Structure formats: structure tokens, C-alpha cells
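J.: Structure of the sequence below:
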Amino acid sequence: MPKRRIGLSCRNCGLALVIHFPVVHNKETALVTLKRLTSGQDKIAMVGLGYVGLPLAVSFDKVADVIGFDISKRKIEELKSGFDATGEITTSALGTTKIEFTTDAGRLVCRNHADAVN
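T.: Here you go, the predicted model:
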């Protein structure tokens, strides 16, 4: 399946992230991808859990398994304990999520296709 590549970089520190994902050519392929996400076969990885990333991760968590990654160990510990310093998500909402909060970038690598990630 053809892949599309997106490159992103942080304006402040220059950290670069390159995302590879399959190009969805038709509705049937999109439905298969959606089925894989909603059945737990695939996961969504949210990189950066600030004002935008955390609410998105919480929303995606309602329909799919989510890995929430951030480089701040303090932020990850706070989120695991149910506290969001941004105030975007309530303690009760955080308590009901199944998000896997982590600072381990290795969790962002697809174990099934690790050789395809470059």
C-alpha cells in the first residue's frame, strides 16, 4: 500500500517528527482502517499532551485505544494521577480514560511494521 509522509517540527526547539501513514484510496480501505482502530487491533498515538493533544487523546479514547506520549515526566505522572495542569480535562474525565500515558518514545513504534519505519 502506498505511504504518505508528513514532516513536522517544533518552532521552539526544532524537534522533528516524521509520520508515515497509508494513503486511503477509497471508502472500503477507510472502513477497514476504522474497524481496526475500533476493534483494538490498531492504536492511535497522540504526541504532545498539552492544550490540543490531551483533549484530542481523550476524545479518541472513546472509540479507540490511545497511547498518550509527552516528553515531560512530571506531566505524565500528573495525568496518571488524574490531574491536568492545563485545566482542559477534569479529574473525573481523566479517571475514566484508558489512555496509556508514557514518556517512552519506543511505544510509538509499530511492533508489526518496525522494519518499515524509517
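
J.: Mean confidence (pLDDT) on the host helix or strand of residue 79, please.
T.: Under the criterion of DSSP states H and E, residue 79 resides in helix 73-80. Averaging pLDDT along helix 73-80 yields 97.

J.: Buried residues, that helix. List them.
T.: Within helix 73-80, the residues that count as buried by 16 or more other C-beta atoms under 10 Å are 75, 76, 78, 79. All C-beta spots, glycine's among them, are computed from the backbone N, C-alpha and C.

J.: Could you find the closest non-adjacent residue to the first one?
T.: The shortest distance from residue 75 to any residue other than its chain neighbours is 6.3 Å, reached at residue 49 (C-beta to C-beta, 6 or more residues apart in numbering).

J.: cool, the last one as well?
T.: Spatially, and ignoring its direct neighbours in sequence, residue 79 is nearest to residue 101 (4.9 Å; C-beta to C-beta, 6+ apart).

J.: Check the third one too.
T.: Of all residues beyond its chain neighbours, the one nearest residue 78 is residue 85 (6.1 Å), with distances taken as C-beta to C-beta, 6+ apart.

J.: so how far is residue 39 from the residue nearest to residue 79?
T.: Look at residue 101 and residue 39: by C-beta to C-beta, to the nearest Å, they are 22 Å apart.

J.: These two: which is more packed in?
T.: Between residue 101 and residue 39, residue 101 has the larger neighbour count (other C-beta atoms under 10 Å), namely 22 against 10.

J.: Can you name the helix or strand that the more buried one falls in?
T.: With DSSP H and E as criterion, residue 101 is part of strand 100-102.

J.: Okay, helices next: where are they in this structure?
T.: All helices of the chain, identified by DSSP state H, fall at 27-38, 53-61, 73-80, 91-95.

J.: beta partners for residue 68?
T.: The partner list for residue 68 in beta bridges (DSSP bridges) reads residue 46, residue 101.

J.: Quick check: it touching residue 55?
T.: No: look at residue 68 against residue 55 with C-beta atoms under 8 Å: they stay out of range, at 11.2 Å.

J.: who has more neighbours, the two?
T.: Neighbours per residue (other C-beta under 10 Å) separate residue 68 from residue 55, with residue 68 holding more: 27 against 17.
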